[in-house]
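> Sequence and predicted structure are below.
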Amino acid sequence: MLFMLACSLQYAVIIKKSSIIYLVFILGFMMQCTSTKEKAEVKSKPSTIAIDTLSRFSALPKTVKSPPDNPSTKEKIYLGRLLFFDPILSGNKDVACATCHHPSNGYAESLDLPIGVNGSGFGRKRSFNQPNDIPFTKRNSPSVLNTAFNGINVYDKYNPEKSPMFWDGRVESLEKQALEPIKAFEEMRGHLYTKDNALNVVIDRLKDIVEYHDLFKKAFDVDEPITIENLGKAIAAFERSLITPNSRFDQYMRGDESALSISEKDGLDEFKKAGCGKCHNGPMFSDFKMHVLGVQENDKLSKIDSGFNNTFAFRTPTLRNLQFTFPYMHNGTFNSLKEILEFYEDLSNGKSRNPLVPKDSLDELVINADVGVKNMSKIISFLNALNDEDFDKSIPDRVPSGLPVGGDI
Ligand code: HEC
Ligand code: HEC
């Protein structure tokens with residue numbers, strides 16, 4: 001009985017694939033299931049691999065999980081939001097998290113490589129003050145929207161304590177991630193103090209502000225609430241409030257057939273057929289794994305960015321809210337979705353754009369991804385149905401330090 005069930009499960013999975021594969025597999029399926037049980041078990045191995053890379057998509061959950069030791073509360077979110085906009089967290093008191101993750105830009109940024117320390121201006125107009133000895137931040141700024149779901153798999157499972165963060169997944173959880181930019185030289189720290197000292201200096205500054213003492217006390221009811229750990233927890237709780245689970249794609253997946261237009265539905269089909277979902281899958285349209293695509297280097301950087309473990313692999317980004325994550329890829333070297341699709345078309349023809357990444361080290365899933373020029377506009381219209389404008393865009397009127405809200409922007 002169980003054996004029969006296993007057979008029918010495989011069948012159900014296969015039926016979701018394109019009609020051609022469906023026929024081929026039906027035959028395989030019948031042969032497999034009519035032979036002995038032992039044989040069927042051995043043969044079922046390859047289909048496990050098929051399930052792993054399955055193009056499976058779903059709506060985003062409407063609620064977020066928090067780590068057991070950091071449940072979200074109104075007080076924590078309120079505090080986290082003020083910290084997010086307060087440049088007191090930076091060496092020269094001029095850069096806030098919001099400088100590079102501003103609500104007007106969907107909590108992302110519009111420069112290819114962001115300018116943190118010693119910069120001024122907002123969006124595309126932001127530039128370095130002169131004189132300047134601070135480099136560009138080495139990667140494109142992702143959106144903070146939906147990072148609460150980082151790591152979620154095709155079965156909607158995730159562990160917020162293990163959520164992968166950054167283009168190379170080098171830090172896990174929003175709590176830990178929030179402390180990194182404060183220590184990073186070009187993002188927030190600058191020359192004033194060392195990396196090892198950064199968090200202690202910032203904590204001392206917060207302790208000197210009575211309003212922060214009260215707000216931390218309300219959020220964490222302990223004797224000495226202003227700690228490095230609680231700083232990370234408050235910011236993480238605020239970030240978990242920034243989700244967009246109501247795009248037209250989500251409405252469609254929850255049963256509203258009319259939420260997507262015909263060309264967007266066609267686009268979804270083409271997206272699947274092209275093999276995009278081998279990596280961009282699950283509710284976030286990301287497997288959160290590392291893949292080598294051989295994106296060209298950004299000339300603004302003096303050093304090569306060799307990605308995860310020097311393998312030139314980068315993490316599959318979400319495809320939600322692409323209207324805000326522009327310009328694209330880990331180093332912002334693509335200016336439009338059309339350029340990206342042309343890039344994938346080149347890859348499927350075995351062309352690498354990065355001379356340091358030989359053809360045979362490109363991810364085989366991407367070599368097999370075949371877009372087809374005539375399908376590009378359909379795929380793009382589908383991708384646009386993953387945008388969702390309905391998130392908290394409010395900016396606090398003031399922050400407890402009294403400094404300019406969002407830094408020098
Ligand atoms: C100077 C611009 C800048 C500032 C300031 C900044 N960030 Fe970022 N942020 C980035 C860049 C660039 C990345 C990607 C870096 C990488 O992958 O190596 C990033 C990545 C992230 C991520 C990971 C998103 C993901 O999906 O991997 C989160 C979350 C985040 N930042 C939150 C914050 C918070 C919280 C602060 C303030 C404490 C902050 N950022 C300050 C530019 C900035
Ligand atoms: C082998 C896995 C894989 C496949 C297949 C794949 N992608 Fe990607 N995608 C990635 C990775 C990894 C990145 C980031 C690469 C980088 O920054 O160096 C990316 C980046 C992107 C981005 C940029 C997002 C942003 O915010 O910067 C878009 C858009 C995109 N892919 C769309 C697609 C489409 C459409 C397809 C199908 C034609 C596709 N991808 C196929 C892994 C994949």
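That came through, no problem. Ligands and ions are numbered 1, 2, ... in the order given.

> mind giving me the domain split of this protein?
2-44, 74-240, 248-386 (automatic domain parsing).

> Tell me which of the ones you listed sits nearest to Val399.
The closest of the domains of the chain to Val399 is domain 74-240. By C-beta to C-beta, the value is 4.0 Å. For every residue, glycine as well, the C-beta is placed using N, CA and C.

> Can you give the distance from that closest one to the centre of its chain?
Here domain 74-240 is found 15 Å from its chain centre; the criterion is C-alpha atoms, centre = their mean, to the nearest Å.

> average pLDDT across that domain?
Across domain 74-240, the average pLDDT comes to 98.

> Show the residue spans covered by the strands in the stretch 251-400 of the chain.
Along the stretch 251-400 of the chain, the stretches classed as strands by DSSP state E, counting those that start in this stretch are 290-292, 313-315.

> can you redo these as TSV with distance to ligand 2 and mean pLDDT?
Shown next, in TSV, are those (distance: least, C-beta to the nearest ligand atom, whole Å; pLDDT from 0 to 100):
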stretch	distance to ligand 2	mean pLDDT
strand 290-292	4	97
strand 313-315	4	98
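
> Next, the buried residues of stretch 213-229.
213, 215-217, 219-220, 225-227 (16 or more other C-beta atoms under 10 Å).

> Any chance of a markdown table for those residues, columns secondary structure and distance to Phe326?
Converted to a markdown table, the buried residues of stretch 213-229 look like this (DSSP: H, G, I helix; E, B strand; the rest coil; distance: C-beta to C-beta, whole Å):
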| residue | secondary structure | distance to Phe326 |
| --- | --- | --- |
| His213 | helix | 40 |
| Leu215 | helix | 35 |
| Phe216 | helix | 36 |
| Lys217 | helix | 41 |
| Ala219 | helix | 34 |
| Phe220 | coil | 37 |
| Pro225 | coil | 39 |
| Ile226 | coil | 37 |
| Thr227 | coil | 37 |
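
> Farthest-apart pair in those, please.
Largest pairwise distance in the buried residues of stretch 213-229, by C-beta to C-beta, is 13.7 Å, between Leu215 and Thr227.

> wait, which of the domains of the chain is closest to ligand 1?
domain 74-240 (2.8 Å; C-beta to the nearest ligand atom).

> any bit of the closest one sitting next to ligand 1?
Yes. For domain 74-240, a contact with ligand 1 is found by C-beta under 6 Å from any ligand atom, at 89, 95, 97, 99-101, 114, 116, 137, 139, 141-142, 144, 147, 150, 165-167, 174, 177-178, 181-182, 187-188, 235, 239.

> so how far is the first residue of that domain from its last?
One end of domain 74-240 to the other measures 12 Å (C-alpha to C-alpha, to the nearest Å).

> between the buried residues of stretch 213-229, which is nearest ligand 2?
Closest to ligand 2, out of all of the buried residues of stretch 213-229 and judged by C-beta to the nearest ligand atom, is Ala219, at 32.2 Å.

> Tell me if I'm right that the closest one and Leu79 touch.
Yes. Between Ala219 and Leu79 there is a contact at 4.7 Å, judged by C-beta atoms under 8 Å.
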